[in-house]
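Colleague: Have a look; sequence and predicted model below, questions after that.
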Amino acid sequence: MTPKTTFFDLQTGFAPETESVSLKRSLSTIKSIFSNQEKAEEILSSEDRLVYEFYDLGIPEKEGNIAYGTSILYPGKVGDEFHMTKGHFHTILDTGEVYYCLKGHGMMMMENPEGDVEYREMRAGHSVFVPGRYAHRTINVSDTEVFVTFFAFRADAGHDYGTVESKGFRKLVVSDGQGGYKIIDNPKWNSI
Ligand SMILES: O=P(O)(O)OC[C@H]1O[C@](O)(CO)[C@@H](O)[C@@H]1O
Ligand SMILES: [Fe+2]
């Protein structure tokens, strides 16, 4: 490989001048992650919506490389639950990842197989190091502003979505009804 320069717009997170691809996750493709399924179906009965997108710069997934890009999480809720990413463990479980917030207001929710839960609030300028063994998901807790992060992790780590898809996360981030958020136990969390 040769060195690579990529311009990311600090306001939008977009990388318009590269050959990189923005991967889009619309509500219809991730609806099962939200706790209020009736609400998700109600929204989808009138129209689909883009929940988040992220750039995959195509760095080869081999040992020694670092994958990186931006993640752009749009504001919105499904019921009282804020827009969030699917979330995943890394296939190489003990792989850390760093996120840096470029814009907006969000949360990094993390939990490990032992059941330890950690969450960190993020605003522009904050970085969060997600330790190895922790599943991670970002959540946009603003009703109006996009939440943009830059992420980097070892390129061969892989993504394990299955565990989170079947169990969910132990905690949910929901509206407190007063313009803020609160963290509650996930009533549907499946420990089987
Ligand atoms: O992979 P998910 O859970 O859909 O979330 C997307 C974000 O997580 C990453 O997979 C990195 O952990 C990025 O590609 C992106 O920022
Ligand atoms: Fe990750």
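Modeller: On my side now, so go ahead. Keep in mind it's a predicted model, so treat the numbers as computed, not measured. Ligands and ions are numbered 1, 2, ... in the order given.
Colleague: Could you use CA atoms for every contact and neighbour count after this?
Modeller: Fine.
Colleague: how about the residues of the chain that lie near ligand 1?
Modeller: Phe54, Thr70, Ser71, Thr85, Lys86, Gly87, His88, Arg137 (Cα under 6 Å from any ligand atom).
Colleague: In the longest helix seen in the chain, which of the residues would be classed as buried?
Modeller: Ranked by residue count, the top helix of the chain under DSSP state H comes out as helix 37-46. Applying a neighbour-count criterion of 16 or more other Cα atoms under 10 Å, one finds Lys39, Ala40, Glu41, Ile43 buried in helix 37-46.
Colleague: what's downstream of it, the next helix or strand?
Modeller: Moving toward the C-terminus from helix 37-46, the next helix or strand (DSSP states H and E) is strand 50-56.
Colleague: Please compute how far that next one lies from its chain's middle.
Modeller: A distance of 9 Å separates the centroid of the chain from that of strand 50-56, by Cα atoms, centre = their mean, to the nearest Å.
Colleague: Of all the residues in the chain, which one is nearest ligand 1?
Modeller: Gly87 (3.4 Å; Cα to the nearest ligand atom).
Colleague: hmm, back to that, from the buried residues of helix 37-46, which is closest to Gly125?
Modeller: Distances from Gly125 to those, taken as Cα to Cα, are shortest for Ala40 (32.3 Å).
Colleague: Would you agree the closest one is in contact with Gly76?
Modeller: No - with contact defined as Cα atoms under 8 Å, Ala40 does not count as touching Gly76 (11.9 Å).
Colleague: Distance check, Gly64 against Ala15.
Modeller: 24 Å (Cα to Cα, to the nearest Å).
Colleague: Correction: the previous question concerned Pro60.
Modeller: Pro60 sits at a distance of 18 Å from Ala15 (criterion: Cα to Cα).
Colleague: Low-confidence ranges, the chain, go.
Modeller: 19-20, 191-192 (pLDDT under 70).
Colleague: Would it be right to say that Thr2 lies in a helix?
Modeller: No - applying DSSP: H, G, I helix; E, B strand; the rest coil, one finds Thr2 to be coil, outside a helix.
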